[in-house]
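1. structure for the following, please:
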Amino acid sequence: MKLGIAVDPSALKRGDLARCAQLIDDSALDLLWLEAPSDRTAAVVAAAASLAGTTERVTIGGRLYLGHTHPIYTAEECAVLDNLLGGRWISSLAPAPGHESSFDEAARIILKAARSRPFVHRGAVWTVPAQLRANTHAPDDAVMVTPSRVRSDGTWVQAESAEALGAPYLADNSAPRGRGLRPAVFDVDSVDGHDAVVRVVEELRAAGRDDGVDTAILRLPAVGASNAAFVIDKIARRIRAAVQLPALPAGLEQFWDRHNFDEELVSIDV
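-> As a prediction, this is how the structure comes out:
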């Protein structure tokens, strides 16, 4: 199971976000997940772009709410982010409040655009290409979003229609559905203390065993400059080993007993 941490970039200073991202990168966790209120989607895009030069390995993901903005613009932003991050960008599409009825159509356009080949769309809300009278200089019968995506599978959907759209469904405190990749977000109260760590480990193990979750994003109440190092260390050094390993390597518990006074993970029954 891959592990990631969710943060709200709109609630962090840019320097604090960069430091948090570097800590996650250095810890070899799999995913830094950016999510902001639905009216601050631009903060997610800007934050992801700012991390291209400060991270090397970690995948950057973010929730994008689809509303009034033309989906082609969102597709272009995703293509640019994917190239900036060298194929390390994943977006999760969700309907903005009040735009649930047009979400499927907008998401379908973005998924078509991610294939990096010309396409046409004629729908109830959007027409691509628009072929407006003012666009006599662009008489194309089809369009292709540029630059081409580094990865074409970096789009998840957080809506009931995910399977019909042919995209992985991002479950949020619920059981995943559909086939293929099964990512999920989990609200975690705390990782401070033995009991808190055990609860998280048991929940993730059950999600992997019973629901097939293969990517878990942990959402804590507030990850910021004051506690980022502590939270990331707990997840990377304590929770990840207990979740990802079916059994700890022989002798490791004894090594921790001798060299580490913090026995939180040692006492977890693995």
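
2. so where do the helices sit in the stretch 101-250 of the chain?
-> 162-165, 194-211, 228-233, 240-244 (DSSP state H, counting those that start in this stretch).

3. contacts for the second one next, please.
-> Spelled out, that is helix 194-211. 1, 175-176, 182, 184, 186, 188-191, 213-214, 216, 218, 234, 238-239, 242-243, 264-265, 267-268 (CB atoms under 8 Å, 6 or more residues apart in numbering). From N, CA and C alone the C-beta is placed, and that goes for glycine too.

4. and it, which residues are buried?
-> Ala196, Val197, Val198, Val200, Val201, Leu204, Ala207, Gly208 (16 or more other CB atoms under 10 Å).

5. any idea how far the last one lies from Lys112?
-> Right, the one you point to is Gly208. 32 Å (CB to CB, to the nearest Å).

6. Tyr169 contacts Ala175, correct?
-> No: with contact defined as CB atoms under 8 Å, Tyr169 does not reach Ala175; the gap is 9.9 Å.

7. so Ala48, which of the three states?
-> Look at Ala48: counting by DSSP: H, G, I helix; E, B strand; the rest coil, its state is helix.

8. pull the helix or strand with minimum mean pLDDT from this structure.
-> Using mean pLDDT, DSSP states H and E, helix 252-259 stands out as the lowest-scoring helix or strand of the chain, at a mean of 61.

9. from the contacts of helix 194-211, which would you call buried?
-> Counted by 16+ other CB under 10 Å, those give 1, 176, 182, 184, 186, 188, 191, 213-214, 216, 218, 234, 238-239, 242-243, 264-265, 268 as buried.

10. please, where are all the strands along this structure?
-> 2-7, 31-34, 59-66, 89-95, 121-122, 127-128, 155-157, 171-172, 183-187, 215-219 (DSSP state E).

11. could you dump those into TSV with mean pLDDT and distance to Asp141 added?
-> Compiled in TSV, these are given as follows (pLDDT from 0 to 100; distance: least, CB to CB, whole Å):
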stretch	mean pLDDT	distance to Asp141
strand 2-7	95	41
strand 31-34	97	36
strand 59-66	97	25
strand 89-95	97	26
strand 121-122	94	12
strand 127-128	92	11
strand 155-157	96	25
strand 171-172	94	39
strand 183-187	96	36
strand 215-219	96	38
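
12. need these in TSV (columns: distance to Ser50).
-> TSV is the format used below for the strands of the chain (distance: least, CB to CB, whole Å):
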stretch	distance to Ser50
strand 2-7	13
strand 31-34	10
strand 59-66	10
strand 89-95	13
strand 121-122	31
strand 127-128	30
strand 155-157	21
strand 171-172	25
strand 183-187	23
strand 215-219	20
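
13. right, and these - which one's nearest Pro147?
-> With CB to CB as the criterion, Pro147 lies closest to strand 89-95 of the strands of the chain, at 12.3 Å.

14. can you pull out the residues in contact with that closest one?
-> 31, 38, 48, 59-67, 78, 81-82, 102-103, 106-107, 110, 151, 154-159, 167, 170.

15. got a quick ChimeraX command for the buried subset of those residues?
-> Those of the contacts of strand 89-95 that count as buried under 16+ other CB under 10 Å are selected in ChimeraX with:
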select :31,38,48,59,60,61,62,63,64,65,66,67,78,81,82,102,103,106,107,110,154,155,156,157,158,159,167,170
